[in-house]
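A.B. asks: 3D, please:
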Amino acid sequence: MQYARNFAIARSFGARANDYERHADLQRSIADRLALLLPPLEAPRVLELGCGTGLLSRHLLAQYPDGNFVFTDLAQAMLEQCRLNVGVQARGRTRFTLMDGSKPDASLETFDLIATSMALHWLSDPLASLSHLRSLLAPHGLLLYAALGPESFTEWRNVLDAEGLPNGVITSPPLPGIVAEERSIVDASTLHFLRRMKRVGGTTPREGYTKLSPGQLRRAIRSADAKTGGRITWHIIYGRLGAL
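C.D. replies: Next comes the predicted model:
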């Protein structure tokens, strides 16, 4: 079951790799804010989980000109786009590796820094994955993350529940180490919110979801616009954790 879900996630994001950054203004701003938490390090060994097209990767390469990097993603197309986007910044000091973040490669070395932006909530067990990743940190290493918080898309979830409709919105458990959070409304209507999700590939529902019919979807959109004016909240959390 998890393999099928991972395949669906990789396929959905991979299909959007070429034009992902045209629609990823929110994801870019999140990566920019996460980069402000990067510690001063000399020649660190860095692992990035879910590098996507390289929104955070470019910050990492610029911040650590003498570092060595392993950039990973579940979607091969995203890895290839990241490779193209970082270009000469990598200068032979970067490996691009296909990897399921919920099962990090046990053969990896330890790292001084592990960073991930907007990927944890796609994993089957974010808490277990964080614990596993922390085991890959060097003794004084640091893990930084940005992820969807539990209050994300509350308006949309409430409307679906009120209408008695299936709810496929992914949720994340409370995560440790939160140092900052923000709530943003970035779309003018419910339809714009749903289109944003589709354009960046973030449409894989949680397991057990029954897809809404076109009529049910239209009904839910009308209800959400009537109740909230189409305002859907993104709750973003930023975390910092040390080695186990």
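A.B. asks: Show me what the single longest strand found in the chain is in contact with.
C.D. replies: Determined from DSSP state E, the single longest strand within the chain is strand 137-148. Residues outside strand 137-148 that contact it (CB atoms under 8 Å, 6 or more residues apart in numbering) are 30-31, 33-34, 37-39, 45, 110-121, 126, 130, 133-134, 170, 172, 175, 177, 234-244. Glycine gets a C-beta too; all of them are placed from N, C-alpha and C.
A.B. asks: Hmm, Leu36 and Val179 touching each other?
C.D. replies: No. Under the criterion of CB atoms under 8 Å, Val179 makes no contact with Leu36, lying 10.8 Å away.
A.B. asks: tell me the SS of the closest residue to Asn85 other than its chain neighbours?
C.D. replies: In this structure, Asn85 finds its nearest non-sequential neighbour in Gly54, 4.2 Å apart by CB to CB, 6 or more residues apart in numbering. Following DSSP: H, G, I helix; E, B strand; the rest coil, Gly54 is assigned to coil.
A.B. asks: what's the neighbour count on Gly54?
C.D. replies: Using other CB atoms under 10 Å, Gly54 is surrounded by 28 other residues.
A.B. asks: residue contacts, it?
C.D. replies: 71, 81-82, 85-86.
A.B. asks: Only the buried subset of the residues you listed, as a PyMOL command please.
C.D. replies: This is the PyMOL syntax for the buried subset of the contacts of Gly54, where burial follows 16 or more other CB atoms under 10 Å:
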select buried, resi 71+81+82+85+86
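A.B. asks: Sort out which one of the contacts of Gly54 lies nearest Thr228 for me.
C.D. replies: Nearest to Thr228 among the contacts of Gly54: Gln81, at 34.3 Å, using CB to CB.
A.B. asks: can you tell me how far the residue nearest to Asn85 sits from Gly92?
C.D. replies: As defined by CB to CB, to the nearest Å, Gly54 lies at a distance of 16 Å from Gly92.
A.B. asks: repeat for Trp234
C.D. replies: Taking CB to CB, one finds Trp234 at 37 Å from Gly92.
A.B. asks: Looking at these two, which is more packed in?
C.D. replies: More crowded of Trp234 and Gly92, by other CB under 10 Å: Trp234, with 19 against 7.
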